[in-house]
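[1] Give me a model of this one.
(one chain, ligands or ions: 3)
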Amino acid sequence: MALIGNSFKLHQNNSLSGISKMTQSQSLRVSIHLPKVVAMMNSNTRLERNFSVSVESVVNELNAPTAVEVVDPTSKQHPTAVGGGVEDVYGEDTATDEQFDTPWSVSVASGYSLLRNPRHNKGLAFSEKERDAHYISGLLPPVVVDQDLQVKKMMANIRQYVVPLHKYQAMMDLQEKNERLFYKLLIENVEELLPIVYTPTVGEACQKYGCIFKRPQGLFISLKDKGKILEILKNWPEKDIQVIVVTDGERILGLGDLGCQGMGIPVGKLSLYTALGGIRPSLCLPITIDVGTNNDKLLNDEFYIGLRQKRAKGQEYAELMNEFMSAVKQSYGEKVLVQFEDFANHNAFDLLAKYSSTHLVFNDDIQHQWFFRGLISALKLVGGSLADHRFLFLGAGEAGTGIAELIALEISKQTKVPLEETRKKVWLVDSKGLIIKSRLDSLQHFKKPWAHEHEPVKELLDAVKTIRPTVLIGSSGAGQTFTKEVIEAMSSLNKKPVILALSNPTSQSECTAEQAYNWSQGRAIFASGSPFAPVEYSGKIYVSGQSNNAYIFPGLGLGLIMSGAIHVHDDMLLAASEALAEQVTQEHLDNGLIYPPFTNIRKISAHIAAKVATKAYELGLASRLPQPENLVAYAESCMYSPSYRNYC
Ligand SMILES: NC(=O)C1=CN([C@@H]2O[C@H](COP(=O)(O)OP(=O)(O)OC[C@H]3O[C@@H](n4cnc5c(N)ncnc54)[C@H](OP(=O)(O)O)[C@@H]3O)[C@@H](O)[C@H]2O)C=CC1
Ligand SMILES: CC(=O)C(=O)O
Ligand SMILES: [Mg+2]
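    Ligands and ions are numbered 1, 2, ... in the order given. Predicted coordinates for the structure are as follows:
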């Protein structure tokens, strides 16, 4: 909870600072969640004890009990109850009911510290009245500007940078200085800024995270914290967390093991939860679990910021993850959503399977229902039913086998042919070649269902020639593997070859848009994980789609939170992907786009959230009752708005 207006701060160790600057005439509002306080008083935990002391301290120190107003924010009369009025007791928009589970540490920002508080800082947009009321007159030049002008100015600044990483750094600086302006910029310029805060630039940011790290953007939990993870979670300033994105940094995009520097990924994903899905920033917590790294370059880099040891595995790894997952539940309750991100496949499948029954978890590197819908759109352009097509994947890991299974399941559903049979429509190539029966014994468990009868084939080009796929999907993390020969072979087999290069970032994309269109003489139906600029081929402009899970997880998260879902069910993921598919219009398809543009992503997210929530209610997995009548409208009303609040 934050209070604006007095030079006063309550610290977790019970001390008060700046109290002498207060006069009795200055009023101080302390807004608390009364039921929670009762719980706090009955408890012995560090922060909770502090709270009871804190309110007393405030009253005693001021010697003016009437100056402390204790407000029950659950009261209907409370001015900030819903939708964010002008008053901003919580320091941010308060749109969902969850708002009342506020943190109980009190921090009061004013004067110089207010300008350094990213959640409340408005920079030159503080009005004269606010400047007077909050002791910031003189700290800013006299001009007062509105937020729109600030957006215009920041965009001009960012556009001056030529190097994408410099744009990334400018965005991160902004996020650390003025959170609302950061989100307004991102929301209003999503097509331009998504490639900066997300793939591809976030990949380079992770590679250089050791050098660009400035201030905490999330929590680092390492092997050294074993036995203390619960305490570490308490060091994060927010106590009401609803979404965690966690990585252990072992498979960062297609860039491999970046150890502790993988932090850029949870930070980037969570900024999309807010910008694209409307989940308040304070509810989001990026976490990196540092169990070491097997990346020798990092281990030998004197500036590396993580543990300098090889990765822990086996029991040591499992115990740390287990403590983490328990601590998360104990700290934030059963309904905190944990998204596993960019774990290597030897851990990712097991973690998802293990915690699916006990926690609200999902992994968008494995669960690709959204992609499947894009594929259906692509096939509309080519013709034929799903069962008429043959699919070849380069890459048989989390993404490849996850998508392959969805395809086989859907063909089985449509044709009533058993799954074991429909899987034969799908072939996968890994680093050792085509996955076939004779390799069965040495295959990882997730590859085994894809081992079909065939002669050994080592190279992708030979696999294309012998399997004769209609759809080629890149999920290898290996850049430039769809060579000219491969795409020409696909084009000689198909009038309209479907080529989907999913690997991120751009450097790891199996081919570029330009290559796909040039080498197929403009006939390819192409989409990629990271965005490519439009391409001109033979006088025609080709705009390729971005096939990326960013379409789905922000809306999915919002739907889970607003329904109070207690488990992620596959049908909810399917509902999310159906909602996405509904947003693809005939006009998009006519332009070769199999996904809608990101420009309308908040609207898309509201639809996804509503479909997910509807499914949660249908399945009896929603805990937030009664069910709102119009879930799309409700989703929209829950969304975080980055507009400034009025502090007077
Ligand atoms: N667009 C999107 O939204 C998403 C994109 N991705 C991207 O997909 C890529 C793969 O991710 P994920 O499946 O999790 O990774 P995994 O590590 O689980 O799988 C990679 C697979 O690619 C194979 N492979 C690697 N290099 C080659 C090569 N040169 N030739 C043939 N096969 C190769 C590996 O073979 P082997 O098993 O033999 O080692 C493995 O089967 C990443 O780049 C990631 O960024 C992932 C999720 C979503
Ligand atoms: C997009 C994503 O999650 C990945 O490339 O891993
Ligand atoms: Mg990922």
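[2] chain center to the helix or strand hosting residue 636: distance?
    Of the helices and strands defined by DSSP states H and E, residue 636 is found in helix 631-638. Helix 631-638 has its average C-alpha position 20 Å from the chain's average C-alpha position, going by C-alpha atoms, centre = their mean, to the nearest Å.
[3] For it, buried residues please.
    Neighbour-count burial for helix 631-638 flags 631, 632, 634, 635, 636, 637, 638 (criterion: 16 or more other C-beta atoms under 10 Å). Every residue, glycine included, has its C-beta placed from N, CA and C.
[4] Nearest to residue 399 among the residues you listed?
    residue 635 (27.9 Å; C-beta to C-beta).
[5] residues in contact with the closest residue to residue 177 other than its chain neighbours?
    Leaving out its chain neighbours, the residue that sits closest to residue 177 by C-beta to C-beta, 6 or more residues apart in numbering is residue 118, at 5.7 Å. Taking C-beta atoms under 8 Å, 6 or more residues apart in numbering as the contact definition, residue 118 lies against 175, 176, 177, 178, 179.
[6] do the same with residue 219
    Under the criterion of C-beta under 8 Å, 6+ apart, the contact list for residue 219 reads 232, 233, 235, 236, 285, 286, 287, 288.
[7] Switch the buried residues of helix 631-638 over to JSON lines; also include pLDDT.
    Conversion of the buried residues of helix 631-638 to JSON lines gives the following (pLDDT from 0 to 100):
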{"residue": "631", "pLDDT": "98"}
{"residue": "632", "pLDDT": "98"}
{"residue": "634", "pLDDT": "97"}
{"residue": "635", "pLDDT": "97"}
{"residue": "636", "pLDDT": "97"}
{"residue": "637", "pLDDT": "96"}
{"residue": "638", "pLDDT": "95"}
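[8] Looking at strand pairing, list the partners for the residue in the stretch 101-250 of the chain positioned nearest to ligand 3.
    The minimum distance from the stretch 101-250 of the chain to ligand 3, using C-beta to the ion, falls at residue 247 (8.2 Å). Assessed by DSSP bridges, residue 247 has beta-bridge partners residue 288.
[9] how close does it get to ligand 2?
    The gap separating residue 247 from ligand 2 is 10 Å, by C-beta to the nearest ligand atom, to the nearest Å.
[10] so that residue touches residue 270, yeah?
    No: contact between residue 247 and residue 270 fails when scored by C-beta atoms under 8 Å: they sit 11.4 Å apart.
[11] Could you measure from residue 258 over to residue 590?
    40 Å (C-beta to C-beta, to the nearest Å).
[12] Which residue of these two possesses the greater neighbour count?
    Per other C-beta atoms under 10 Å, whichever of residue 258 and residue 590 has more neighbours is residue 258, with 30 against 9.
[13] can you pull the contacts of the more buried one?
    Residues in contact with residue 258, defined by C-beta under 8 Å, 6+ apart, are 206, 207, 209, 249, 252, 293, 295, 298.
[14] Please convert those to TSV, extending it with secondary structure and neighbour count.
    Compiled in TSV, those are given as follows (DSSP: H, G, I helix; E, B strand; the rest coil; neighbours: other C-beta atoms under 10 Å):
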residue	secondary structure	neighbour count
206	helix	27
207	helix	21
209	helix	26
249	coil	32
252	coil	28
293	coil	26
295	coil	21
298	helix	22
